[in-house]
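Engineer: next one to model:
(one chain, ligands or ions: 1)
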Amino acid sequence: MRIVRAKDYEDMSRKAAAIIAAQVTLKPDCVLGLATGSTPIGTYKNLVAAYEAGDLDFSQVKTYNLDEYRGLPGDHDQSYRYFMNVNLFDHVNIDKANTHVPDGLMEDYEAACAEYDEAVAAAGHQDLQLLGIGNNGHIGFNEPCDSFIKGTHCVDLTESTIQANSRLFDSIDDVPRQAYTMGIGTIMGAKSILVVANGDAKAQAVHDMCYGPIVPSCPASILQLHPNVVVVADEAALALCP
Ligand code: F6R
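Structural biologist: Predicted coordinates:
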């Protein structure tokens, strides 16, 4: 695991965007695995700016997002499909048909989740998977549990995640209790992984991801077994790391 130290959120966002931009430049038809949440918003802003400056072309890029709330339609303003449109897809020349987010309204969800994994594999797996990390060490919505779950699946969100995400909803009661997420196997199938983290609330999780035991109670710890992971984090998020 390579750790890149950033001064602050803006520096983290610029550095992370530069890594993604290099991927898109080197392989214009690359497959990106993408994340939502507060952390990558600045990264996406920098990618939009690079596109507007004429430095990036997304016309052949394919994307697969990590997760989506169960029960939210793509046009709900808290859905992750909506987030991706507003923060990235609507502002670059990506073909929306090449962008994929798990469908929050899928009916036969076990079959639909299996199809999502098959589609990621058929696309050749993610060349680069962008990840944030939860305060509790989750990646995607793979919450701390007793085993690493391989494929895309439906999860019950933990109280700490519901609490953390309630800041974006009118009330905590509006936060969905379940979500669909790529599994750990789907994430680990990526050829390279970029984790972004900022702020002191992430310090323990970042420490445990990089230096803790590899255990499903800290899902991000599995990334220690991946051969090509870069963590771009600010000083606050790295405060507990040596
Ligand atoms: C979202 C996702 C989550 C977030 C994590 C951190 O697609 O995969 O694992 O990365 O919850 O969220 P923020 O960035 O809001 O702290």
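Engineer: looks like Ile162 contacts Asp174 (just checking).
Structural biologist: No. Taking contacts as C-beta atoms under 8 Å, Ile162 lies outside contact range of Asp174: 10.3 Å. C-beta here means a position set from N, CA and C on the backbone, and glycine is covered the same way.
Engineer: more neighbours: which of these two?
Structural biologist: Taking neighbours as other C-beta atoms under 10 Å, Ile162 and Asp174 compare with Ile162 leading, 16 against 10.
Engineer: what's the neighbour count on the closest residue to the ligand within the chain?
Structural biologist: In the chain, the residue that lies nearest the ligand is Gly132 (2.3 Å; C-beta to the nearest ligand atom). Per other C-beta under 10 Å, the neighbour tally for Gly132 reads 21.
Engineer: wait, it touches Gly33, no?
Structural biologist: No. Look at Gly132 against Gly33 with C-beta under 8 Å: they stay out of range, at 11.9 Å.
Engineer: do you know the pLDDT at the residue of the chain closest to the ligand?
Structural biologist: Listed pLDDT for Gly132 reads 98.
Engineer: repeat for Glu107
Structural biologist: So Glu107 comes in at 87 (pLDDT).
Engineer: wait, what's in contact with the residue of the chain closest to the ligand?
Structural biologist: In this structure, Gly132 makes contact with Ala35, Thr36, Gly37, Ser38, Thr39, Pro40, Ile139, Val195, Val196, Ala197, judged by C-beta atoms under 8 Å, 6 or more residues apart in numbering.
Engineer: what about the second one, which SS state?
Structural biologist: In other words, Thr36. The three-state label given to Thr36 by DSSP: H, G, I helix; E, B strand; the rest coil is coil.
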